[in-house]
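1. Build me a model from this:
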Amino acid sequence: MALLARDGVAPALYELALGGMEYGAYTDEPGRPQGLIYRPFAEYARDKHGLRADVITELDPARLIAEVDRGRLVIASVHPEIRRPQNDPPGTGGHLVLVTGHTNGLVTFQNPSGHTPEAILATLPAPAFDRFAARRGIALHL
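-> Predicted structure coming up:
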């Protein structure tokens, strides 16, 4: 999504996954972390796509909004139940969304695994978004 936002084109998801695996940014091997591994992903994004990516381990709402104000897209770790924000999350993290903007205290993000159009391209008040957030992520400089 970030490459599409920057250039209007992007490699196939499979190609991106293979590239990330070469850098150790993603694995599905038993006994290894599952999902995206941030620091190797940042190296992959820089080396293969000319995309600066900063790993952020303290991504509170103020930092999230500041990154977006700087023109960055933010990959944020949230609980997958963010697609049903009326429910209390059973935890935080474990799922990635792409924060693309904010207006008047509302955070806008893309969640490709959303089950409705409103959950795919979503807007939530920053405190509601934060209830699901693990407060870690990656800021992408476009």
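2. Show me the helices in this protein, by range?
-> 2-7, 13-22, 38-49, 61-69, 117-120, 126-132 (DSSP state H).
3. outside of the first one, which residues touch it?
-> Which is helix 2-7. Helix 2-7 has contacts (C-beta atoms under 8 Å, 6 or more residues apart in numbering) with 9, 10, 11, 49, 51, 73, 75, 98, 100, 140, 142. For glycine as for every other residue, the C-beta is placed from the backbone atoms N, C-alpha and C.
4. Can you lay out the residues you listed as TSV showing neighbour count, distance to residue 116 and pLDDT?
-> Formatted as TSV, these follow (neighbours: other C-beta atoms under 10 Å; distance: C-beta to C-beta, whole Å; pLDDT from 0 to 100):
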residue	neighbour count	distance to residue 116	pLDDT
9	7	28	92
10	15	24	93
11	13	28	93
49	18	31	96
51	18	30	95
73	24	22	97
75	24	22	97
98	19	17	96
100	17	18	96
140	25	26	97
142	12	28	90
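5. out of the residues you listed, which one sits closest to residue 26?
-> Closest approach between the contacts of helix 2-7 and residue 26, by C-beta to C-beta: residue 75, at 13.0 Å.
6. Quick check: closest non-adjacent residue to the closest one.
-> In this structure, residue 75 finds its nearest non-sequential neighbour in residue 138, 4.4 Å apart by C-beta to C-beta, 6 or more residues apart in numbering.
7. Pull the contacting residues for that neighbour.
-> Going by C-beta under 8 Å, 6+ apart, residue 138 touches 38, 41, 42, 53, 54, 55, 56, 74, 75.
8. hmm, try it at 6 Å
-> Contacts for residue 138 (C-beta atoms under 6 Å, 6 or more residues apart in numbering) come out as 38, 53, 55, 75.
9. and it, bridged to which residues?
-> residue 55, residue 75 (DSSP bridges).
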